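Asker: coords please:
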Amino acid sequence: MSYKDIIKNLKETPPRALNDHILVIDAMNTLIRSFSLLKAMNPSGTHVGGLVGFLRSLGYVTRIFDPTRVIIVWDGKGGSANRKNIDPNYKAQRATSRITHWGLYDTKEEETEALIGQLYRTQDYLDCLPVHQLVMDKLEADDIMAWIAKKASTSNVKKCTIVSSDKDFLQLVDDTIEVYAPVKKKTFTKDNIFQELKVLPENYNIVKALTGDNSDNLQGVKGLGIKTIVAEFPKLLTEKTNLEYVYKVAEEKLDGKKIFAKIIHNWRKVETNFELMDLHITALDDKEKEYVNEVLNSPVPDLQTGAFLHSLDQDKIEGITKNTEGWLENFRRLTTVS
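Answerer: Alright, predicted model coming up:
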């Protein structure tokens, strides 16, 4: 089928409200996962797994959720600086650890250069689609995404779906906000989140502050797991609470199990972890909030079908989808919102 036929066959769909359902995508999380797992090559032998996997994932979540607006959020330059000022060990392991483990790239430097190249090319493709891209210097994508989600939760947005395998976002789940975990292919909502976390979502950051987060290189209290936390701190299961509650309980039980002494001994680290992982307190200043608001109130960008298809042909990329027409139709629907 020719490009003209594909464009001609894109279906007309009835209008929908602009912010009925916002899909917010963790861009680097998606790109790195695709880059590391997908060995896709173009005909010239260049690795394009990050680009191909990103577009596949984007097409998939756009199809299954049928949103009215898609916002793709990237980490800004120096985005981790504020958190590294709090804890220099924050994400320190990522500077030296390899992403791929199947022998394509000889060095970390070569791998990083390829990843950056695919990042820029992915952004070129996204510029052809009716989606928004957001990036702000000195801010991580997590902070921007969390603020968008919380903004949606307090406005007339019916649903906001966060797409990320980062479990930090689970602390945000409420009646409006849900989190789709692409690796598990599971959506966490207010109805099923307790089964996953064993505590209320608004208390999940307390759990992570105690147990740590290996993906961010944050150490927790050794020997402390979710079973002990649930058993010893029952209020985490029934009502929103805070770190002071945990400290008070640990202090009261100090003469009992050794784990309580460990909690008190590592309390400063627990507080630091909580500060680093808390997404309820916004890191955006007023000017940055205003910019995000402008995006949320702006029209959906145009679908540049011809330019997108030309890029696919130019890069000789195959395997994004078996049905290009159907894949583009998912994005054509985004242009029908009013």
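
Asker: show me what contacts Arg33?
Answerer: 53, 165, 182-183 (CB atoms under 8 Å, 6 or more residues apart in numbering). The C-beta positions use only the backbone N, C-alpha and C, and glycine is treated the same way.

Asker: which one of the residues you listed is nearest to Ile22?
Answerer: Using CB to CB, Pro182 is the member of the contacts of Arg33 that sits closest to Ile22, with 17.2 Å.

Asker: export the helix or strand that contains Arg332 to CSV, keeping only CA atoms.
Answerer: Taking DSSP states H and E as the definition, one finds Arg332 inside helix 324-332. Taking C-alpha atoms only, helix 324-332 is exported to CSV below (Å, rounded to 0.1, in the frame of the first residue of the first chain):
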residue,chain,number,x,y,z
THR,A,324,1.2,0.9,9.5
GLU,A,325,-2.2,2.1,8.6
GLY,A,326,-3.7,0.8,11.8
TRP,A,327,-0.8,2.0,13.9
LEU,A,328,-1.2,5.6,12.6
GLU,A,329,-5.0,5.4,13.2
ASN,A,330,-4.3,5.3,16.9
PHE,A,331,-2.7,8.7,16.6
ARG,A,332,-5.2,10.0,14.1
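
Asker: and Ile162, that one's in a helix?
Answerer: No - if the criterion is DSSP: H, G, I helix; E, B strand; the rest coil, then Ile162 is strand and not within a helix.

Asker: hang on, the earlier thing: which pair in the contacts of Arg33 spans the largest distance?
Answerer: The widest separation within the contacts of Arg33 (CB to CB) is 13.0 Å, between Gly53 and Ser165.

Asker: neighbour-wise, which of those two wins?
Answerer: In this comparison of Gly53 against Ser165, neighbours counted by other CB atoms under 10 Å, the higher total goes to Gly53 at 24 against 17.

Asker: just the pLDDT for the residue lying closest to that one once chain neighbours are set aside.
Answerer: What sits nearest to Gly53 in space, not counting adjacent residues and going by CB to CB, 6 or more residues apart in numbering, is Ser34, at 2.4 Å. As predicted, Ser34 sits at a pLDDT of 96.

Asker: can you count the residues close to Ser34?
Answerer: 23.

Asker: would you check that it makes contact with Gly49?
Answerer: Yes - here Ser34 lies in contact with Gly49, judged by CB atoms under 8 Å, at a distance of 5.9 Å.

Asker: assign Arg98 to helix, strand or coil.
Answerer: coil.

Asker: my read: it touches Lys108, true?
Answerer: Yes - the pair formed by Arg98 and Lys108 meets the contact definition of CB under 8 Å, at 5.9 Å.

Asker: wait, which of the contacts of Arg33 is closest to Lys253?
Answerer: Ser165 (35.1 Å).

Asker: which other residues reach the helix or strand hosting Leu210?
Answerer: Per DSSP H and E: Leu210 is located in helix 204-211. Residues outside helix 204-211 that contact it (CB under 8 Å, 6+ apart): 167-168, 170-171, 197, 199, 220-221, 224-226, 229, 236, 241-243, 246, 263, 270-271, 273-274, 277-280.

Asker: what do you get for stretch 240-254?
Answerer: Contacts for stretch 240-254 (CB under 8 Å, 6+ apart): 200, 202-203, 206, 209-210, 232-233, 235, 260-261, 263-264, 267, 270-271, 274.

Asker: sort out which of these are in strands and list them.
Answerer: In strands, judged by DSSP state E, none of these are found.

Asker: and the residues you listed, which are buried?
Answerer: 200, 202-203, 206, 209-210, 232-233, 260, 263, 267, 270, 274 (16 or more other CB atoms under 10 Å).

Asker: need the residues you listed in a markdown table with distance to Asn19 and pLDDT, can you?
Answerer: Shown next, in a markdown table, are these (distance: CB to CB, whole Å; pLDDT from 0 to 100):
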| residue | distance to Asn19 | pLDDT |
| --- | --- | --- |
| Leu200 | 27 | 96 |
| Glu202 | 24 | 95 |
| Asn203 | 29 | 96 |
| Ile206 | 31 | 97 |
| Ala209 | 33 | 96 |
| Leu210 | 36 | 97 |
| Glu232 | 42 | 96 |
| Phe233 | 38 | 97 |
| Phe260 | 47 | 95 |
| Ile263 | 43 | 96 |
| Trp267 | 42 | 97 |
| Val270 | 38 | 97 |
| Phe274 | 31 | 96 |
